[in-house]
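Peer 1: sequence? don't have it. structure:
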């Protein structure tokens, strides 16, 4: 089941990025809601553009780190099958890491496009893979808080 979830989330991420690449020019933006636009940007860094612009060496270092993280996450999911919520969370993180790794290896950068903004203030542009990673981290955090609260 977790592998199917992984594949579905990866495919949604890759399809959404392909749609952006096909329908927008780099830097072009279209409004989706008053506070969300699709803006095609290239991110050479990691989540939310952190560490961007550090060169080709960084691209491969980040790719190697992503591969190591994916291997660790798959081991965790295999050993945690009885913990459904954490397994789903780790699967989400793995699918996001894979989606961004795919971009980094194929294109040399990650395709970001979700631009959350309020008037002139903009959150760093992100993609579905980043969203999957963040939701996975939030789920793991919530599970740990619940477990600690229940064990008091």
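Peer 2: Sure thing, it's come through. Bear in mind the structure is a predicted one, so any value in this text is a computation, not a measurement. Residues are numbered from 1 along each chain as shown.
Peer 1: show me what the least confident helix or strand in the chain by mean pLDDT is packed against.
Peer 2: One helix or strand of the chain scores below all others by mean pLDDT, DSSP states H and E: helix 56-79, with a mean of 85. In terms of contacts (3 or more Cβ pairs under 8 Å, 6 or more residues apart in numbering; DSSP states H and E), helix 56-79 is packed against helix 84-107. Heads up, the C-betas are built off the backbone N, CA and C, glycines and all.
Peer 1: and the angle for the helix it packs on with helix 56-79?
Peer 2: Orientation check (axes from the mean of the first three to the mean of the last three Cα atoms, to 10 degrees): helix 84-107 against helix 56-79 gives 150 degrees.
Peer 1: contact partners of helix 84-107?
Peer 2: For helix 84-107, contacts defined as Cβ atoms under 8 Å, 6 or more residues apart in numbering pick out 2, 5-6, 9-10, 13-14, 17, 42, 46-47, 59, 62-63, 66-67, 69-70, 73-74, 76-77, 80-81, 109-111, 127-133, 135-137, 139-140, 143.
Peer 1: next SSE after it?
Peer 2: Following helix 84-107 in sequence order, the next helix or strand is strand 110-118 (DSSP states H and E).
Peer 1: what comes up buried for that next one?
Peer 2: Neighbour counts over strand 110-118 (16 or more other Cβ atoms under 10 Å) mark 110-115, 117 as buried.
Peer 1: for the chain, give me the ranges with low pLDDT.
Peer 2: Within the chain, the stretches falling below the threshold (pLDDT under 70) are 46-55, 81-82.
Peer 1: and residue 31, helix, strand or coil?
Peer 2: strand (DSSP: H, G, I helix; E, B strand; the rest coil).
Peer 1: correct me, but it touches residue 37?
Peer 2: Yes. Taking Cβ atoms under 8 Å as the definition, residue 31 is a contact partner of residue 37 at 5.0 Å.
Peer 1: the two: which has the busier surroundings?
Peer 2: More neighbours surround residue 37 than the other of residue 31 and residue 37, with 18 against 12 (other Cβ atoms under 10 Å).
Peer 1: could you check how far the more buried one is from residue 63?
Peer 2: Distance, residue 37 to residue 63, by Cβ to Cβ, to the nearest Å: 29 Å.
Peer 1: show me what contacts residue 113?
Peer 2: Residues near residue 113 by Cβ under 8 Å, 6+ apart: 16-17, 20, 24, 38-41, 125, 127.
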